[in-house]
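*Asks:* After the sequence you'll find the predicted model.
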Amino acid sequence: MIINNIVRNNSLLIKGFFVSGFLSLFMLLSSFGYTQTTEDEKNFQVCKACHTIGGGKLVGPDLKGVSEKYDEAWLIEFIQNSQGMVQAGDERAVKVFNENNKIPMPPNALTDDQVKGVLLYIANGGKLDGGEDTTSIDTQDNEDVELQVAEETTQLIAEMKRDGKRNMSYVFIILIILFVISLFDLVVVKVVKAKWIHYIIMLTSVIIIGEIVFVEATSLGRQQYYQPDQPVWFSHKVHADQNQIDCKYCHFTADKSMHAGIPPVETCMNCHAQIKQGKKTGTKEIDKIYSAFENNEPIEWVKVYNLPDHVYFNHAQHVNVGKLDCAQCHGEVEKMDQIIQIPDLSMGWCIECHRTESVQFATNKFYEQYTKLHEKFKNGEMPNVTVQNIGGDECAKCHY
Amino acid sequence: MEKLYWQSIEDYKEQKFNSVLDKKDAIPEFSIEGLDESEVKGKSSRRDFLKLLGFSVSAVALVSSCQMPVRKAIPLLNQPEDLIPGVANYYASTFFDGSDYCSILVKTRESRPIKIEGNDMSPITKGGTNARVQASVLNLYDDSRLKEPTIGGNNSSWDDIDKEITERLTTLNQSGKKVVILTSTIISPSSKSLIEEFISTFPNVEWVTYDPVSFAAMRKANELNFGIAAIPSYSFDKAKVIAGFNADYLGTWLMPVAFSKQYSVTRKVTQDNPTMSRSYQFESNMSLTGANADYRTGIRPSEEASVLLNLYNEIAKSTGMSVYNAPTTDVDISKVAADLLTNKGNSLVVSGTNDLNIQLIVNAINNALGNYESTVDIGTPIYLRQGNDEAMANLVKEMNAGLVGGIIINNVNPVYDYSKSKDFTEGLKKVDTRISTADTMDETALECEFVCPDHNFLESWNDAEPVAGYYSITQPTIQPIFNTRQFQNSLLKWMGSSNDFETYMESTWKSILTDVTNFNQSWNKVKHDGIYRIENETAERPEFISQSLRAKKGNTEGIELVLYEKIGMGIGKYANNPWLQELPDPISTATWDNYLCVSPAYAKENNLKLEDVVSINGIEVPILVQPGQPIGTVAIARGYGRFAAGKAGNNVGVNAQQLVSDSVVEIKKVAGKTFPLALTQMHHDMEERPIVRETTLAEFIKNPASGNELHAYDEKHNVTLYNKIKYDGLHWGMSIDLSTCTGCGNCVIACQAENNVAVIGKEQVKNRRIMHWMRIDRYYSRDEANPEVFHMPVMCQHCDNAPCENVCPVAATNHSTEGLNQMAYNRCIGTRYCINNCPYKVRRFNWFEFTNNNNFDYNMNSDLGKMVLNPDVIVRQRGVVEKCSMCVQRIQEGKLTAKMENRELREGDIRMSCEQSCPTNAIQFGNLLNEDSIVNKETKNPRMYHLLEGLHTLPSTSYLTRVRNNEA
């Protein structure tokens, strides 16, 4: 029993190799996806959940040529708070609302200038000035490439999982048997006369057994490649990849709070009030949302990324301040149907990143108070100020 | 001669007679209960070893074979806009429990209150709180709270109970039989008008206000002197000389938080402004105010009137007022009289005794000194303590005569705390319809047929007007946890109104916010700020009508009993609050008990010592020899000995409420009987090192570094092999001004609430295992009959050369680049080397698992009680060492906010839990590298010293010498 469980996962080295390889592949792949180079494009990510530009009606109407249909002032007000206008009885707003099956558009906390930027972006047909088209519906070729990439990734994950479950118990048992045999021979039977052979066998097996035990013991309580079944078969691939919904549309507190935020059913209903059928699961899974909504019972998702209680982790620190991409820790979520835990979430994994990742030393004014470091940074003595340089590998940064 | 400081009577004798008279008991440093002898002696056999080996192997097997638990993430169904999981919200609210008032901010996480902070915007409490306010959040999660309305002890429903009560009230109204609403003082304008409306619906209803500690005599005296039956407001900040007579204005009297804030202003000495107030205290027990006074005189309670009248005569002679016949007294008042006279108009005399003659004399003195124009404002009355003794006495009489048909009791517990509680209980039984709105099944609720549990104040809407023109708001910060209903809503229901109190209150506020253009906007602002002020036009001060003054001669024989309130327990309302039970009393350092304080002279005479048991009027109490207890008096605290408080508070101490104060009592020693008391002062003994540093104002003016000469010496002589750590950007530090610190204990509870510090119970406190990260040390100096008292908050000093860090074998404690002494609990293996090597004795060891352990049945042993825990701070497990982290979670939060706002940290962005709510601003926190920060400036203060700086531990925490305004 002991052996079986101790030897549940394989050596960390191999895992580490795969993880780093996988991550670098992600970084390579992520250059294919949209790049958030301008604010407008970023802001439009939210809109994209329900609208297209020239791609026909989704949940909301096609936005192509919207600036010609309505005047700018009206659009700004409508985008900022459409329901306010509907309730106030604005004729055009009510008309749009009714035309779109009375699905309310959630209010957007954008300034007037930001809305103008988004409108310009729409007017350009979803292109940045001089940039390539990123929002229009993908061509068949693109889809194929994507499908291929997705399949490759899924395969990779499956491989990793298999690899992760490679059973070292045989090696462990064989080594123990070897050890016992040579001990027995050394003390009792004495078949082999040369004692050094016994010693070498015993020593080698002890070292390897020790290594296995050490590695397995350190990973006790860790859940790398954990992929539990969720109460709703929710596909991140469908949402984040095919529909290009921004992570932060659902995980709405990732840049504000320690928690990334599990979306309330209300958020699902923003779109699923309209979309009642899925390609893969039909109405089965989406119906669960309706029943939760009607019965006033929240959906109990299974938490995949679990940190021990003695660790304090804050999403806002990493996403908002550190400007890390979600994928840097969570992997290419948009290629997964069900979420799988990519890193092992060990302290070594955390610290590794804190040692190499540089902080936003040039842009964030907070770091100006580190006068000595700033001096060096300006001189070019330290082009990269890492998290470690400002004390990011100290106990009380995460443990309190 | 160098001043000697001592911590206990034993210490004192040792010093005074230079010999060990009473050998101190051996300290149980290591004792694990329940181990057999061989184990205690540390003998272990081969079999023990094998047992352990087997256990560890099977434990590992068990752990490794366990599946990881499946953890759920459950989102809200509908996300409220302003609720972000993981981010705290603060709501302005008001704490008022019937006697104490405080304007507060409630910190909520995921919609549950976890901490109370002071509201900086309040012009009254100015961001301060006291220990009881801090601890009140735990009452919300009290297991003894009633969960349902009950009829005759059986759970019922609101519909049934309302039907029954409405019927009864209507019948009583028709028959014209009297119904009484018995409440604590109510300072809420809306509630007052609601009760009046209730009375107009049921004209047979009468409203009686009852205060266990009454101020009726003061109100009466003001009625006679000014024609206004009110308590005036005081300005301690304007007073240069303060004379208190049995008024513990820094601890428990009237508005201690507000008065402490005012008092501390006059105690802050700087080189630029070397002035401070001088306080005299005449008192019959050792109070917090007495401990902080420059001159303290012990008097018998019966003597107070004659002392005051002599003082009046002395002042009247110089001011040309009429002089009255005064009995002679031994107490010398010439010094205080002279001081008061030189500071005419800038002085203040207060008395906390509920005696009309005494209050009349106090008024006459303040009038003669012209204080009504500056420090005492009768035109702006304080609305606290409106209890009417006569009405209460009358109620008891009428109930016993069978004239009362119904009674509604709200927020008072007279069966426990009324001085004639037997009469009250007898009378109550004769009332047909007895309704209690208590939130727990307290002593009075047990006697009532209908119990309609009230909300906790954190679940309620309410308003308050503690001082005329100063308003504040109470708002709910959590959905009601149980099926309870606010008292005011009950009244509205029984009146037949369909309104709820929130709407009712809003309509009242429409009449308060009269001169605003947009009511909704202003109302929202009031709810946001928590406070509102109407500038009253200064009314013509009423003419002073002289009354004839008289005083009886004080007793010279016999022992007089004094009842006092402890700063934690008060009148016993919070008996079931384990935080407050375990708060060491600032004077005696006792936890979990009350006791009879006797003077050292009396103890010697009667051969009494600590923990001996005596019988006083038939009640057995343990003895505590209290230095400074006046000759001829003994004192005992109210608020203990409750039998229906709850699991933590039942039968703790003895009920002293029935022992009538100021009476001569018989005390008999119960031979051979002792009762253990859990005192904490001797726990972390620093022996006779120069810990306490003080000077007098006169010396300070001559030499600002006086009393602190050792600092310069140590600075010069300290050498080290280590390199001095060079910090970049951030170096956190703290500064504690011992001149303004009163030792009230607010910080201890604030720290406990913030950092999930465990309650361990009396037994373990006695074993010296108290877990408080912050303690308040108390030292005495001079003679034991009337010592000087010195308070000193001590927490981890965050040394740059930390002795604890060097000895940790696993590097669980080490230094950060921000100057913090970090403690990684999950790395600690519990060798306790660090505890041994810490010269400040601030590290605590978790001897037991304090969560989910029935042996420690306090808040961390129930799901409800655990809701108060701060989710940002881990709950420590058995076998690890913990200590003050300098609220590192707050530091990290403050840094993150600054980063998200793309700016540098500013002074005041980050505030420690102990610092934020300090009622005297004695604690300051900041970045030592920031030239403009207060902590940085204080390091250059000639009064600054580090604790035990001769050790060269280079602490980040500094202390400022205490300055007293008296003669050396």
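*Replies:* Happy to help now that I have it.

*Asks:* For the one helix or strand B:Leu224 maps to, name the packing helices and strands.
*Replies:* Per DSSP states H and E: B:Leu224 is located in helix B:216-226. Other elements packing on helix B:216-226 under the criterion 3 or more C-beta pairs under 8 Å, 6 or more residues apart in numbering or on different chains; DSSP states H and E are strand B:231-234, helix B:356-368. Glycine gets a C-beta too; all of them are placed from N, C-alpha and C.

*Asks:* Show me where the chain dips below the pLDDT cut-off.
*Replies:* Let's take chain A. By pLDDT under 70, the low-scoring segments of chain A are A:1-38, A:49, A:58, A:101-103, A:127-167.

*Asks:* looking at chain B here, not the other one
*Replies:* For chain B, the stretches with pLDDT under 70 are B:1-3, B:14-44, B:60-67, B:537-539, B:660-662, B:682-688, B:968.

*Asks:* For whichever strand or helix holds A:Ala292, enumerate the helices and strands it packs against.
*Replies:* Element membership for A:Ala292, per DSSP H and E: helix A:284-295. Helices and strands touching helix A:284-295, by 3+ C-beta pairs under 8 Å, 6+ apart, are helix A:265-272.

*Asks:* Outside of the helix it packs on itself, list whatever touches it.
*Replies:* Residues outside helix A:265-272 that contact it (C-beta atoms under 8 Å, 6 or more residues apart in numbering or on different chains): A:49-50, A:59, A:103, A:106, A:249-250, A:252, A:286, A:289-290, A:292-293, A:298-299, B:75, B:77-79.

*Asks:* now stretch A:362-369
*Replies:* With contact meaning C-beta under 8 Å, 6+ apart, stretch A:362-369 is reached by A:321, A:359-361, A:373-374, A:377, A:385, A:390, B:729-730, B:895, B:898-899, B:902-905.

*Asks:* I would like a ChimeraX command selecting only the buried ones among these, please.
*Replies:* Typed into ChimeraX, the line below selects the buried ones among the contacts of stretch A:362-369, using 16 or more other C-beta atoms under 10 Å in any protein chain shown:
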select /A:321,359,361,373,374,377,385,390 /B:729,730,895,898,899,904,905
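
*Asks:* Which of the contacts of stretch A:362-369 fall in helices?
*Replies:* A:Leu373, A:His374, A:Phe377, B:Lys895, B:Ala898, B:Lys899 (DSSP state H).

*Asks:* Give me the angle between the helix holding A:Ala292 and helix A:265-272.
*Replies:* 130 degrees (axes from the mean of the first three to the mean of the last three C-alpha atoms, to 10 degrees).

*Asks:* Following the chain past helix A:284-295, name the next helix or strand.
*Replies:* strand A:301-302.

*Asks:* Which residue ranges of the stretch 351-500 of chain B form strands?
*Replies:* B:376-382, B:404-410, B:433-436, B:450-451, B:462-467, B:470-474 (DSSP state E, counting those that start in this stretch).

*Asks:* Please identify the residues of the stretch 301-400 of chain A in proximity to chain B?
*Replies:* A:301-303, A:306, A:308-310, A:312, A:314, A:316-317, A:320-321, A:363-366, A:368-373, A:390-391, A:394-397, A:399-400 (C-beta under 8 Å from any C-beta of the partner chain).

*Asks:* In strands, which of the residues you listed appear?
*Replies:* A:Trp301, A:Val302 (DSSP state E).

*Asks:* Separate out the buried members of the residues of the stretch 301-400 of chain A next to chain B.
*Replies:* A:301-303, A:306, A:310, A:312, A:314, A:316-317, A:320-321, A:364, A:366, A:369-370, A:373, A:390-391, A:394-397, A:399-400.

*Asks:* Could you report the neighbour count for the closest residue to chain A within the stretch 251-400 of chain B?
*Replies:* Nearest residue of the stretch 251-400 of chain B to chain A (C-beta to the nearest C-beta) works out as B:Thr270 at 27.7 Å. Neighbours of B:Thr270 under the rule other C-beta atoms under 10 Å in any protein chain shown: 11.

*Asks:* Show me how the chain divides into domains.
*Replies:* Went with chain A since none was named. A:39-133, A:346-400 (automatic domain parsing).

*Asks:* To clarify, I was referring to chain B.
*Replies:* Chain B breaks down by automatic domain parsing into domains covering B:89-140, B:150-214+B:387-533, B:217-382, B:559-679, B:683-964.

*Asks:* hey, which of these is tucked in deepest?
*Replies:* domain B:89-140 (a mean of 24; mean count of other C-beta atoms under 10 Å in any protein chain shown).

*Asks:* buried residues in the helix holding A:Ala292?
*Replies:* Residues A:Glu285, A:Ile286, A:Lys288, A:Ile289, A:Tyr290, A:Ala292, A:Phe293 are the ones in helix A:284-295 that count as buried (16+ other C-beta under 10 Å).

*Asks:* quick one on the thing from earlier: of all the helices and strands packed on helix B:216-226, which one is nearest B:Thr813?
*Replies:* Among those, the nearest to B:Thr813 by C-beta to C-beta is strand B:231-234 (47.1 Å).

*Asks:* Just the angle for the following helix or strand past the closest one relative to helix B:356-368, thanks.
*Replies:* Downstream of strand B:231-234, the first helix or strand assigned by DSSP H and E is strand B:241-245. Counting by the same axes, to 10 degrees, strand B:241-245 points 170 degrees away from the direction of helix B:356-368.

*Asks:* Heading C-terminal from strand B:241-245, find the next helix or strand.
*Replies:* helix B:256-267.

*Asks:* can you give me the angle that following helix makes with strand B:241-245?
*Replies:* 140 degrees.

*Asks:* Please compute how far the helix or strand just after helix B:256-267 lies from its chain's middle.
*Replies:* Downstream of helix B:256-267, the first helix or strand assigned by DSSP H and E is strand B:278-283. Centre-to-centre, strand B:278-283 and its host chain are 21 Å apart (C-alpha atoms, centre = their mean, to the nearest Å).

*Asks:* Contacts for strand B:278-283 next, please.
*Replies:* So strand B:278-283 is contacted by B:240-246, B:248, B:263, B:287, B:289-290, B:292-299, B:304, B:307, B:331, B:336, B:339, B:630, B:965-966 (C-beta under 8 Å, 6+ apart).

*Asks:* For the stretch 101-250 of chain A, which residues are neighbours of chain B?
*Replies:* Close to chain B, as judged by C-beta under 8 Å from any C-beta, the stretch 101-250 of chain A has residues A:Ala217, A:Leu220, A:Gly221, A:Gln223, A:Tyr226, A:Pro228.

*Asks:* quick one: the closest residue to chain A within the stretch 401-550 of chain B and B:Tyr574, what's the gap?
*Replies:* In the stretch 401-550 of chain B, the residue that lies nearest chain A is B:Gln479 (14.8 Å; C-beta to the nearest C-beta). Distance, B:Gln479 to B:Tyr574, by C-beta to C-beta, to the nearest Å: 23 Å.

*Asks:* can you pull the contacts of B:Lys335?
*Replies:* Applying C-beta under 8 Å, 6+ apart, we find B:Lys335 in contact with B:Tyr295.

*Asks:* for it, helix, strand, or coil?
*Replies:* helix (DSSP: H, G, I helix; E, B strand; the rest coil).
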